[in-house]
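Student: only the shape, not the letters, is given here:
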């Protein structure tokens with residue numbers, strides 16, 4: 001371990017876009033980020049992505065944790081172990097103290113006190129020889145919280161020296177926002193689908209994995225009536241904190257549209273859901289910083305910027321790497337869990353009081 005309460009932590013993130021495993025390394029005292037050591041993205045194979053998609057359907061149908069996904073959890077864990085080994089081989093001077101392991105969410109229904117991230121933290125600890133903090137959402141959900149979004153404490157840390165109020169918008173498979181007030185108060189929520197529906201639409205039309213550069217969406221026509229229909233959902237009226245499962249929304253409303261019009265309409269719906277989310281802010285955000293894969297889609301970014309009345313820009317404009325931010329967040333949360341510090345707050349997940357969490361597994 002580093003001196004005092006400083007940790008060199010690896011964060012591992014497998015997000016709702018199911019693109020792959022993000023690894024990032026930081027040195028932190030659980031409050032500040034003292035040093036960043038870079039990171040790497042390890043793409044999933046098409047067969048792994050297909051297995052995860054099938055696993056989501058299995059979990060959704062069962063509506064509970066089921067042994068049917070134990071094998072997939074082991075497979076995902078081994079892929080994470082391989083990614084750690086490759087990253088450390090490429091960074092021979094790095095000596096991590098612990099790993100923050102998110103696993104992969106296959107079912108998230110906090111209203112039933114249920115959140116399920118497949119992946120075996122004890123197996124990962126045994127395979128890597130490093131302590132692993134994992135299962136970071138369950139304690140929050142068990143105490144009545146939403147269990148998501150969970151990166152808020154890290155978003156607050158990276159925005160500590162920036163003008164506030166500020167909003168950090170993560171455009172993953174599902175979009176989520178952390179609002180940070182002038183006094184450091186946080187409010188957070190999932191706000192709607194981001195890349196998930198668009199990627200599903202692309203895949204269903206055999207056009208690849210995603211709409212590169214948002215080019216097809218840019219060529220399409222937005223069906224405002226369908227956007228309005230999709231936005232007529234009680235979720236958007238619900239006060240935050242609130243969270244979503246990846247499968248809470250589907251492609252039904254756009255079925256039958258021409259390919260480009262479907263993408264344009266789905267992108268506009270994401271922008272509309274961001275606008276609806278910010279109506280719940282205690283004060284308008286002076287600035288929006290965007291992380292996650294959706295920031296690479298200029299059509300989506302343009303629609304969001306047009307819908308909001310504040311500057312919207314990739315988080316790189318503030319000096320951070322939007323491809324690694326969520327992995328860095330779970331490295332940060334692992335250190336906080338090790339120190340017994342809160343991972344979630346009443347304003348971020350609705351938990352009754354600031355709440356720590358996670359399970360610590362030591363190598364056998």
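Tutor: The structure has been received and is ready for your questions. Being a predicted model, the structure only gives us computed values, none of them experimental. Numbering: from 1, shown residues only.
Student: all the strands of the stretch 1-150 of the chain, residue numbers only.
Tutor: 7-13, 20-28, 33-43, 98-101, 104-109, 114-118, 132-134 (DSSP state E, counting those that start in this stretch).
Student: among those, which is nearest residue 240?
Tutor: Proximity to residue 240 (CB to CB) singles out strand 104-109 among the strands of the stretch 1-150 of the chain, at 15.7 Å. No exception for glycine: its C-beta is placed from N, CA and C like everyone else's.
Student: count of neighbours near residue 192?
Tutor: 26 (other CB atoms under 10 Å).
Student: the host helix or strand of it - contacts with which helices or strands?
Tutor: Residue 192 belongs to strand 186-193 when assigned by DSSP states H and E. Under the contact definition 3 or more CB pairs under 8 Å, 6 or more residues apart in numbering; DSSP states H and E, strand 186-193 sits against helix 152-158, strand 174-180, helix 259-278, helix 346-349.
Student: show me which residues of the last one are buried.
Tutor: When neighbours are counted by 16 or more other CB atoms under 10 Å, the buried residues of helix 346-349 are found to be 347-349.
Student: picking up where we left off before, next one: the strand holding residue 192 to chain centre, how far?
Tutor: Counting by CA atoms, centre = their mean, to the nearest Å, strand 186-193 is centred 11 Å from the centre of its parent chain.
Student: list the strands paired with that strand, with their directions.
Tutor: According to DSSP bridges, strand 186-193 forms sheet pairs with strand 174-180 (antiparallel).
Student: secondary structure element for residue 198?
Tutor: helix 196-204.
Student: for the strands of the stretch 1-150 of the chain, which one sits closest to residue 239?
Tutor: strand 104-109 (18.9 Å).
Student: quick one: that closest one to strand 186-193, angle?
Tutor: Put simply, strand 104-109 runs at 100 degrees to strand 186-193, going by axes from the mean of the first three to the mean of the last three CA atoms, to 10 degrees.
Student: between the strand holding residue 192 and helix 196-204, how many degrees?
Tutor: Using the same axes, to 10 degrees: strand 186-193 against helix 196-204 is 30 degrees.
Student: so for strand 186-193, mean pLDDT?
Tutor: Average pLDDT, strand 186-193: 96.
Student: what's the local residue count around residue 19?
Tutor: Residues near residue 19, counting by other CB under 10 Å, number 21.
Student: surely it and residue 46 touch.
Tutor: No - the criterion here is CB atoms under 8 Å, and residue 19 misses it with residue 46 at 11.5 Å.
Student: coming back round to it: what angle separates the strand holding residue 192 from helix 259-278?
Tutor: Using the same axes, to 10 degrees: strand 186-193 against helix 259-278 is 160 degrees.
Student: can you list the residues that contact strand 186-193?
Tutor: 148-149, 152, 155-156, 173-181, 235-236, 240-244, 249, 266, 269-270, 272-274, 276-277, 280-282, 345, 347-349 (CB atoms under 8 Å, 6 or more residues apart in numbering).
Student: quick check on those: which are buried?
Tutor: 148-149, 152, 155-156, 173-181, 235-236, 240-244, 249, 266, 269-270, 272-274, 276-277, 280-281, 345, 347-349.
Student: as JSON lines, the buried residues of helix 346-349 with distance to residue 79 and pLDDT would be great.
Tutor: As requested, the buried residues of helix 346-349 are exported to JSON lines (distance: CB to CB, whole Å; pLDDT from 0 to 100):
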{"residue": "347", "distance to residue 79": "34", "pLDDT": "97"}
{"residue": "348", "distance to residue 79": "29", "pLDDT": "97"}
{"residue": "349", "distance to residue 79": "28", "pLDDT": "97"}
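Student: from the residues you listed, which is closest to residue 169?
Tutor: Out of the buried residues of helix 346-349, the member with the shortest distance to residue 169 (by CB to CB) is residue 348, at 14.6 Å.
Student: wait, isn't the closest one in contact with residue 178?
Tutor: Yes - here residue 348 reaches residue 178: they are 7.2 Å apart, a contact under CB under 8 Å.
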